[in-house]
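*Asks:* Sequence and computational prediction follow.
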Amino acid sequence: MNQSESSAPLWEAVVKYKENGIVPFHTPGHKLHSGVFCDLALHLGSDFLAMDASDELDSVQHDHRFERVLDQAQALAATAFGAAGTLFLVNGSTGGLHASLWGESGQVVIPRFSHQAVYSAALLAARPAVYLPADMDPVWHLPLPPSVEQWQSVLSGCCPSAAVITHPTYYGTVSPLADIAAECRKWRCESIVDEAHGGHFRYHKALPGSAMESGADIAVQSTHKTMGALTGSSMLHCRVGARRERLQNAVQILQTTSPSLPSLAVLDYVRSIWQAQGEEIMQSLWELARSARHELQRIPGISLPPQHADPTKLLFSMEMLGLRGFDVEWILRRDYRIQVEMSDHRWALALLTVGDDNESVAALLEALGDMAVRKAIHGPPIQHGTLVWPDLPEPACDMRYAAASPSVKIPYRNSLGRVSASFVVPYPPGVPLLVPGEIWNKDLIDHVEKSLAEGWHIRGIDQEKAAVLKDKHDF
Ligand SMILES: Cc1ncc(COP(=O)(O)O)c(C=O)c1O
């Protein structure tokens with residue numbers, strides 16, 4: 001590697017192409033300027049379009065083929081994240097998870113509290129899934145990732161060739177990843193970590209260990225979520241170089257042949273900044289997040305979960321003041337022009353990243369302090385504990401078969417005993433209650449009813465209707 005770690009070769013090549021002012025007779029059709037689409041320059045900035053070249057970078061320096069510069073950038077990222085190989089992605093961690101399961105066979109262990117992308121990865125790769133049931137903390141109503149003992153039990157009870165471990169969950173909860181990865185190795189099961197929300201873990205000692213440091217085989221990170229890359233840009237890391245070939249083939253098959261150059265270049269640039277200054281960035285962010293948490297705790301009526309592995313995910317509840325997480329999100333937006341990352345019937349989650357500073361956090365704290373004294377928006381304290389995550393439904397047929405079979409839409413309340421043709425997924429957290437091929441039961445119908453009444457958005461339920469297999473007696 002002769003590139004210095006602080007350089008960003010792909011970013012620099014794209015900037016150079018823009019600066020060279022080459023007259024483009026190539027895609028994209030906007031020809032690197034806004035032309036008739038004048039609002040684009042107004043809102044995106046003319047430089048953004050000038051950098052949205054296709055892969056013509058070789059015209060800048062004849063020895064700089066696009067793939068070669070991309071390879072250099074990816075190799076630098078591998079070093080930065082302690083991986084043997086890294087691939088840049090423009091289809092999010094979703095694309096990375098799809099590529100991770102693609103091209104191999106055998107069962108995949110999936111904790112039920114996994115993002116929908118994990119299931120769609122198994123579906124695309126035609127790999128049977130073995131589920132670990134979802135556990136919720138009964139007091140705090142936060143997802144509890146499966147324990148090492150639960151992993152031991154599932155790994156010893158079947159013959160899986162891969163396991164997908166979410167680290168951390170959307171709510172910031174984690175499990176002992178190093179022990180789980182070791183357990184997977186014992187059973188020759190590939191450990192694939194959905195680290196969509198944990199790209200920054202590597203840069204602070206007090207944060208949970210990153211997937212690569214914990215001995216996982218593959219890690220997928222949404223660099224766009226916590227590290228500042230453009231939306232959809234992510235990284236796929238692996239620990240053993242040979243695996244990179246397989247992953248690269250999969251990405252080639254699954255990803256567009258026209259990846260957004262600004263997205264790839266920004267990944268490279270963001271990596272260079274984190275690599276050079278990541279520890280200082282994370283230390284300031286850590287202090288900002290700890291102090292925000294401390295200040296939040298002092299506001300009467302706000303409660304926080306007792307320990308939280310990642311303080312940058314500022315999770316809080318105002319249910320003592322009669323406000324559900326959904327209400328908090330809505331009032332913050334309507335009255336204070338603040339938008340949190342997500343909310344549910346109980347919690348609101350404000351995400352703090354490298355993009356925050358004292359001012360943004362002060363605005364949030366001030367707004368919440370104000371909400372805590374606005375008696376007019378308060379109600380009686382909310383008693384929770386009723387929304388229990390339902391048990392695993394019975395499978396009727398293969399997920400892939402069901403997703404591709406003829407279906408009809410019926411009122412979900414009439415779906416008892418019918419086989420789901422689609423994913424039924426409450427957002428947040430994007431975790432399916434039902435996957436294609438599973439049978440609707442009474443608990444699920446009740447759960448959907450309660451969730452909709454609470455204000456949950458449920459993908460897969462459209463105007464109170466759900467898609468089920470057309471033929472009632474298929475199985
Ligand atoms: C736990 C988890 N994994 C994977 C994903 C998919 O990530 P992306 O949006 O980068 O495709 C998400 C998205 O929110 C997620 O929450």
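*Replies:* That came through, no problem.
*Asks:* which parts of the stretch 101-250 of the chain sit against the ligand?
*Replies:* With C-beta under 6 Å from any ligand atom as the criterion, the stretch 101-250 of the chain meets the ligand at residues 115, 117, 166, 170, 194, 196-197, 222, 234. For the C-beta atoms, the positions are set from N, CA and C on the backbone; glycine is no exception.
*Asks:* Which one (most neighbours) among the residues you listed?
*Replies:* Compared across these, Asp194 has the highest neighbour count, 30 neighbours, by other C-beta atoms under 10 Å.
*Asks:* Would you mind measuring from that residue to Met235?
*Replies:* When C-beta to C-beta, to the nearest Å is the yardstick, Asp194 and Met235 sit 13 Å from each other.
*Asks:* I'd like to know how many residues surround the residue nearest to Thr169 when sequence neighbours are not counted.
*Replies:* Leaving aside its chain neighbours, Thr169 sits nearest to Pro143 (4.9 Å; criterion: C-beta to C-beta, 6 or more residues apart in numbering). Neighbour count for Pro143, taken as other C-beta under 10 Å: 23.
*Asks:* For Pro143, list each beta-bridge partner.
*Replies:* Under DSSP bridges, the beta-bridge partners of Pro143 are Met136.
*Asks:* coming back round to it: give the intersection of the neighbour lists for Asp194 and Met235.
*Replies:* Val220 (C-beta atoms under 8 Å, 6 or more residues apart in numbering).
*Asks:* Quick check: pLDDT value at the closest residue to the ligand within the chain.
*Replies:* Nearest to the ligand in the chain, going by C-beta to the nearest ligand atom, is Gly92, at a distance of 2.3 Å. For Gly92, the pLDDT comes out at 98.
*Asks:* So it sits against Gln221, correct?
*Replies:* No. Assessed by C-beta atoms under 8 Å, Gly92 is found out of contact with Gln221, at 10.1 Å.
*Asks:* Settle it for me: which of these two has more neighbours?
*Replies:* Gln221 (31 against 20).
*Asks:* per-residue confidence at the residue nearest to that one when sequence neighbours are not counted?
*Replies:* Distances taken as C-beta to C-beta, 6+ apart place Gly199 nearest to Gln221, at 3.9 Å, with adjacent residues excluded. Gly199 is assigned 98 on the pLDDT scale.
*Asks:* same thing with the one 10 residues further on?
*Replies:* pLDDT, the model's per-residue confidence, is 97 for Gly209.
*Asks:* Arg244 contacts Ala75, correct?
*Replies:* No. Using C-beta under 8 Å, Arg244 is not in contact with Ala75; the gap is 10.3 Å.
*Asks:* Those two: who's more crowded?
*Replies:* Just comparing Arg244 and Ala75: by other C-beta under 10 Å the higher neighbour count belongs to Arg244, 21 against 16.
*Asks:* Could you look up the SS state of that one?
*Replies:* Classification of Arg244 using DSSP: H, G, I helix; E, B strand; the rest coil returns helix.
*Asks:* what about it, distance to Ala163?
*Replies:* Using C-beta to C-beta, which is the criterion applied here, Arg244 is 20 Å from Ala163.
*Asks:* Equivalent analysis for Leu332, please.
*Replies:* Distance from Leu332 to Ala163, by C-beta to C-beta: 38 Å.
*Asks:* And for Pro145?
*Replies:* 12 Å.
*Asks:* The two: who's more crowded?
*Replies:* Per other C-beta under 10 Å, whichever of Pro145 and Ala163 has more neighbours is Ala163, with 28 against 23.
*Asks:* where does the more buried one land in three-state SS?
*Replies:* Secondary structure assignment for Ala163 (three-state DSSP): strand.
*Asks:* Not counting sequence-adjacent ones, nearest residue to it?
*Replies:* Per C-beta to C-beta, 6+ apart, closest to Ala163 is Val109, 4.1 Å.
*Asks:* Confirm that neighbour sits in a strand?
*Replies:* Yes. Counting by three-state DSSP, Val109 is part of a strand.
*Asks:* Next, the contact list for it, please.
*Replies:* 129-132, 151, 154-155, 158, 160, 162-164, 189.
*Asks:* so which of these is the most crowded?
*Replies:* In the contacts of Val109, the most neighbours by other C-beta under 10 Å go to Ala163, 28 neighbours.
*Asks:* Arg188 versus that one, what's the distance?
*Replies:* 11 Å.
*Asks:* Report the secondary structure element holding Asp327.
*Replies:* helix 325-336 (DSSP states H and E).
*Asks:* so for that helix, what's the average pLDDT?
*Replies:* For helix 325-336, the mean confidence score works out to 97.
*Asks:* burial count for Asp443?
*Replies:* 14.
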